[in-house]
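Asker: I'll drop the sequence and a predicted model, then ask my questions.
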Amino acid sequence: MPFKPKNEPFPLPRELYPPDWFRRLTAAEVFPGRPEAPAEIDLGCGDGGFLLAMASRHPERNFLGVERLLGRVRKVARESGKAGLANVRVLRLETTYAVEWLLPRAFADRAHLLFPDPWPKKKHRRKRLMCRREFLRSVHDLLKPGGEFFFKTDHEPYFEEAEEVLESIDFFERMAWPAGDREFYPETDFERHWLAEGRRVRGLRLRKMG
C-alpha cells in the first residue's frame, strides 16, 4: 500500500486512492462524476508535463497519470489543482500492476508510454515493458475496441526490439504517426531534454485489434 505523507492532506483532491488494491476498479471509481467521458492513461507520467498539457487541450476527456514516485504524484496533483483541471487524476503505483491488475478492462480510449526506462544493460532487457508480450496484452485489454496505444523513446535498440516484438503479435495494428507532431502530441519534459541534446526520438502508434 502506498506511503501516506505527513503534513499534507491525504489523498490530495486529484489523487486516486483505490478502496481496494486487490480487485479491478470501475470507471466510476477512477473518474467519479464523469465515468462516461473518453479516457486517456499516461503510464509513467513523471512530473506531469504531458498529462497536464493534454488535459488542458481536451477538457472533454478524462486523464489518469500513473506514477510510482510520491514526489511526482504530489506535484501532478497540486499542479492540476492550481490549473483547475477537473479532468485529471493521478495514481501512485507501478505501471505493470496498474495495467495488469487494477485498472478496468475496455476502459481507455488511448494509453501512452513515453520514454520509459530503456534498461540498457543486457541482463536487464527483460524488464523493457514494450518487449513483454504479457504487458502488451494487458494494455490491449485496458483499451476500448479501436483504442490506441502510443510509445516514444530516444533509445534506438529499445525501439528496434519493440518493433520486432510487435511483428510477432496479432492484437495491435501499427498506424502512421500524424504530421504536425507537436500539434497532435505535446512534448514531454524528457523529450525536450533529449532533442536539445540532438538525440533522435522514435514513436509507435498502435490500434487495438480484436
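Answerer: Happy to help now that I have it.

Asker: residue 200 in helix, strand or coil?
Answerer: Of the three states, residue 200 takes coil under DSSP: H, G, I helix; E, B strand; the rest coil.

Asker: shouldn't it be in contact with residue 153?
Answerer: No. Residue 200 is beyond contact range of residue 153, at 9.9 Å (criterion: CB atoms under 8 Å). Quick note: C-beta positions are derived from backbone N, CA and C, even for glycine.

Asker: tell me which element the closest residue to residue 99 other than its chain neighbours falls in.
Answerer: Among residues not flanking residue 99 along the chain, residue 138 sits closest, at 4.7 Å (CB to CB, 6 or more residues apart in numbering). According to DSSP states H and E, residue 138 maps onto helix 133-142.

Asker: quick one: strands adjacent to the helix or strand just after that helix?
Answerer: Per DSSP H and E, the first helix or strand lying C-terminal to helix 133-142 is strand 143-153. Sheet partners assigned to strand 143-153 using DSSP bridges are listed as strand 108-114 (parallel), strand 202-208 (antiparallel).

Asker: out of these, which is the most enclosed?
Answerer: When these are scored by mean count of other CB atoms under 10 Å, the highest mean neighbour count falls to strand 108-114 (a mean of 22).

Asker: now that strand and helix 133-142, what's the angle there?
Answerer: 150 degrees (axes from the mean of the first three to the mean of the last three CA atoms, to 10 degrees).

Asker: what's the burial count for the nearest residue to residue 170 once chain neighbours are set aside?
Answerer: Of all residues not flanking residue 170 in the chain, residue 209 sits nearest, at 7.0 Å (CB to CB, 6+ apart). By the criterion of other CB atoms under 10 Å, residue 209 has 12 neighbours.

Asker: good, we can wrap up now.
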